[in-house]
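Trainee: Provided below are the primary sequence and the corresponding predicted coordinates.
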Amino acid sequence: MNDMNYFKWLVIFILVTCLSFFGFLFYMSMHDGPIEIFSGGAFKSGTPMSNVAPDWPSLKDKQTIQVQSIKPERSRTTWFAVIDERAFVPSGYMNTKIGKIWKQWPKHTEQDPRSKIRIDGRIYDTQLLRLTADDPLIPAIVDELNRKYPSNASVEDIAANGTWIFEVTPQR
């Protein structure tokens, strides 16, 4: 095989791979929620739970929940921490180069905190409110994240805006 033929097949392979990847991302943007690490579209299935909050203490050891922002309608699977009757969602890598590209949902959430949470097929109308680094619960949230996950969460990282913490509250 000559060099030109090899180059042609390499270009075709790269184009097919890129088109497949972007086609998959487009498909996921319309999918009923996320699949593992891939963001999805708006929730289309599940039982709406009106005027009811999740029983957070019973979910303390559950590994992940699905969160959907309202504007834009995108969903993702995320870690969470439960402290007493309250739940918190972290977003790490916020001040890294890859995080600034990859992590758009926290910025959208600050602009419009309305959200939906899907847990075991139940959908709750919620909002995600960002905590400040001086919130007295931050050390307990960090401890819980580090207990539950292979996390390097720290109060210092939250203070430096490397990790943002959102409280899950009922939608008003």
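Mentor: That came in fine, so what should we check first? Numbers count the residues shown, from 1 in each chain.
Trainee: rest of the way, CA atoms for contacts and neighbours
Mentor: OK.
Trainee: so what strands line up beside the longest strand anywhere in the chain?
Mentor: Longest strand of the chain, by residue count under DSSP state E: strand 122-130. Within its sheet, and counting by DSSP bridges, strand 122-130 is paired with strand 47-48 (parallel), strand 114-119 (antiparallel), strand 164-170 (antiparallel).
Trainee: can you list the residues that contact the longest one?
Mentor: With Cα atoms under 8 Å, 6 or more residues apart in numbering as the contact definition, strand 164-170 has outside contacts at 53, 86-92, 94, 106, 125-132, 158.
Trainee: Output that strand as PDB, restricted to C-alpha atoms.
Mentor: The C-alpha trace of strand 164-170 is given here as PDB (Å, rounded to 0.1, in the frame of the first residue of the first chain):
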ATOM      1  CA  TRP A 164     -19.200  24.000  43.300                       C
ATOM      2  CA  ILE A 165     -21.800  22.700  45.700                       C
ATOM      3  CA  PHE A 166     -25.500  23.000  45.100                       C
ATOM      4  CA  GLU A 167     -28.300  22.200  47.500                       C
ATOM      5  CA  VAL A 168     -31.300  20.300  46.100                       C
ATOM      6  CA  THR A 169     -34.400  22.100  47.400                       C
ATOM      7  CA  PRO A 170     -38.100  21.900  46.400                       C
END
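Trainee: Enumerate the positions of it that are buried.
Mentor: Using 16 or more other Cα atoms under 10 Å as the test for burial, strand 164-170 gives 164-170.
Trainee: I'd like the next helix or strand past the longest strand of the chain.
Mentor: For strand 122-130, the succeeding helix or strand toward the C-terminus, using DSSP states H and E, is helix 138-148.
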